[in-house]
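K.L.:
here is my input, please return the structure:
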Amino acid sequence: MVENVQYCFYFTFVRLTLTKMPYNRYIQISEERYNTLIGRYQKFIENIHDDDQDPISIYDPLPKKFLDELEVIREVSRELALKKDEDLKKADKQNEVETKVAETAENEVKIPAEPKV
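P.N.:
The predicted structure is shown next:
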């Protein structure tokens, strides 16, 4: 295996340089896992412009338990967003009613009191 292999990709205004970094023992994953991820990433970069191939996934898919929990979180977030929208609509209606009451109070003709002689 060749160490310090350097690939250069040029994008519109960005230059991406990929250098194979050696494993660092201070990284919080094992060396085998690191090598697996780097290998997948290199395959991803090699096939980035090939539209005929399926996309290469660098990371492992999430377990079903995590996906189920994520779906529950999304459902709760949707419900909370709907409640927020309803509360905002209620507040807008209340604000409109208050402004109409204030406008009618201002528009009422006030009868001036008779001056005392």
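
K.L.:
mark out where each domain of the chain begins and ends.
P.N.:
What automatic domain parsing lists as the domains of the chain is 1-59, 61-106.

K.L.:
same list (those domains) but as a markdown table, adding mean pLDDT and mean neighbour count.
P.N.:
(Each C-beta comes from the backbone N, C-alpha and C, glycine too.) Below are those laid out as a markdown table (pLDDT from 0 to 100; neighbours: other CB atoms under 10 Å):
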| stretch | mean pLDDT | mean neighbour count |
| --- | --- | --- |
| domain 1-59 | 72 | 10 |
| domain 61-106 | 93 | 10 |
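
K.L.:
tell me the centre residue of the chain?
P.N.:
Taking CA atoms, centre = their mean, the centroid of the chain lies closest to residue 74, which sits 12.3 Å from it.

K.L.:
elements contacting the helix or strand hosting that one?
P.N.:
Per DSSP states H and E, residue 74 falls inside helix 64-107. Helices and strands touching helix 64-107, as assessed by 3 or more CB pairs under 8 Å, 6 or more residues apart in numbering; DSSP states H and E, are absent.
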